[in-house]
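Colleague: Curious how this folds, go ahead:
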Amino acid sequence: MGGGFDDVREVTVAIYNSAVNRIAEISNRFDMVIFDEAHHVPADTFKEVAFKLRAPFRLALSATPRRSDSNEHLIFLSAGDIVYQADYRDMVEAKLVVPVRHFRIYVDLTPEERRSYEKAGDNAIVLRNIASMASAKIDVAREIVKAEVGIGSKIIVFTQLIRQAEELYKVLKEELGPIVALITSKTSDRDSIFRAFARGTYKVIVTTTVLDEGIDVPDADVAIILSGTGSQRQMIQRVGRVVRASDDKVEARVYEVVARNTIEEALSEERHVKGEVLEVECRKYLADEVKRLISHVISSTRLFTQ
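Modeller: Purely as a prediction, here's the structure:
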């Protein structure tokens, strides 16, 4: 139910927004309900579905049940207490995920960007957007992508703004050619891109928040966070795109590119998922140290894979 389908049967898969529109008709139809991405249940629309369905058997699934508004108790009211949970180390030992190496690279705003930033006053959204779009990030991302492609990695670059994704895509496409793909809210045929990425035809996907959750993205080795919010949930979802275990994969690498002396430094600290994932390394670098970082990654990756 949803996405052009309206076919209610014994087993029905529905998106929350479609289910809420027919909740009066379907409330008594099912014996069991499973809430995927259950951290959304406390939201108004999803809450309507969770509490009006009369199914006696209920299961909620979430990698990130904690909410910034502390309303996670509504998840438990709608589906009961936690019956099973696994931490990241458990999943590493079960060979479901791999450890993470986390690198933060700090870039400076240009004088013009700094003037715009200082004029923004206390408007957090404007400050974040100016910091997110720092032009120095493009060169840093380009250098990291080139190096990682050179050692055979598959990379997803996450941005917060479509404009930034399109700008980076253009730069990478000119440098690396047809191995680079772009996915934004404007992209209609994502499935064909995912299939090509899984086959290795594409080595790099540049994307926005559209891949943060709710979509099965083929596994990659490297995530580059060019811009984002302070949300730990968003960060966990993005890191989750690259940590799935696969043949010969021993680690995932996450690069954050952060505008120095801006609101982004605080956002980076807020979203840091230390403790939520197994970070075997977490280092900070300045933009002019990127070549040293790349040398470190290449040499240490060879040691890991030998």
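Colleague: Could you check how far F103 is from S300?
Modeller: Here F103 is placed at a distance of 11 Å from S300 (CB to CB, to the nearest Å). Yep, even glycine has a C-beta here, placed from its N, CA and C like the rest.
Colleague: Comparing those two, which residue is more hemmed in?
Modeller: In this view F103 and S300 are compared by other CB atoms under 10 Å, and F103 has more residues nearby, 21 against 13.
Colleague: Confirm that that one sits in a helix.
Modeller: No. Assigned with DSSP: H, G, I helix; E, B strand; the rest coil, F103 falls outside any helix and is strand.
Colleague: Beta-bridge partners for it, please?
Modeller: Y255, R283 (DSSP bridges).
Colleague: Now for it: which residues touch it?
Modeller: F103 sits next to 253-256, 281-285, 293, 297 when contact means CB atoms under 8 Å, 6 or more residues apart in numbering.
Colleague: mind putting the residues you listed in JSON lines, distance to D69 and neighbour count included?
Modeller: JSON lines is the format used below for those (distance: CB to CB, whole Å; neighbours: other CB atoms under 10 Å):
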{"residue": "R253", "distance to D69": "32", "neighbour count": "21"}
{"residue": "V254", "distance to D69": "26", "neighbour count": "24"}
{"residue": "Y255", "distance to D69": "30", "neighbour count": "25"}
{"residue": "E256", "distance to D69": "25", "neighbour count": "24"}
{"residue": "E281", "distance to D69": "33", "neighbour count": "14"}
{"residue": "C282", "distance to D69": "28", "neighbour count": "13"}
{"residue": "R283", "distance to D69": "33", "neighbour count": "12"}
{"residue": "K284", "distance to D69": "31", "neighbour count": "14"}
{"residue": "Y285", "distance to D69": "35", "neighbour count": "18"}
{"residue": "L293", "distance to D69": "37", "neighbour count": "21"}
{"residue": "V297", "distance to D69": "38", "neighbour count": "21"}
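Colleague: now stretch 45-55: mean pLDDT?
Modeller: Here stretch 45-55 scores 88 as its mean pLDDT.
Colleague: With only the CA atoms kept, save that stretch in CSV.
Modeller: Provided in CSV are the C-alpha atoms of stretch 45-55 (Å, rounded to 0.1, in the frame of the first residue of the first chain):
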residue,chain,number,x,y,z
THR,A,45,1.4,10.7,11.2
PHE,A,46,3.2,7.5,12.3
LYS,A,47,1.7,7.6,15.8
GLU,A,48,-1.8,7.6,14.2
VAL,A,49,-0.9,4.2,12.5
ALA,A,50,0.8,2.7,15.6
PHE,A,51,-2.0,3.4,18.0
LYS,A,52,-5.1,2.8,15.8
LEU,A,53,-4.0,-0.5,14.4
ARG,A,54,-5.6,-3.2,16.7
ALA,A,55,-3.1,-6.0,16.0
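Colleague: Secondary structure element holding K146?
Modeller: helix 136-150 (DSSP states H and E).
Colleague: Next SSE downstream of that helix?
Modeller: Going down the chain from helix 136-150, the next helix or strand is strand 155-158, by DSSP H and E.
Colleague: Would you mind pulling up the elements that the helix or strand just after that next one packs against?
Modeller: Heading C-terminal from strand 155-158, the first helix or strand you meet, by DSSP H and E, is helix 162-176. Identification of packing neighbours for helix 162-176 by 3 or more CB pairs under 8 Å, 6 or more residues apart in numbering; DSSP states H and E yields helix 136-150, strand 180-183, strand 204-207.
Colleague: Show me what A259 bridges to in the sheet.
Modeller: A259 has these beta-bridge partners by DSSP bridges: V107.
Colleague: which residues does it contact?
Modeller: 106-109, 131-132, 134, 136-137, 265.
Colleague: One more: A55?
Modeller: Counting by CB under 8 Å, 6+ apart, A55 touches 30-33.
Colleague: Many thanks, we can stop here.
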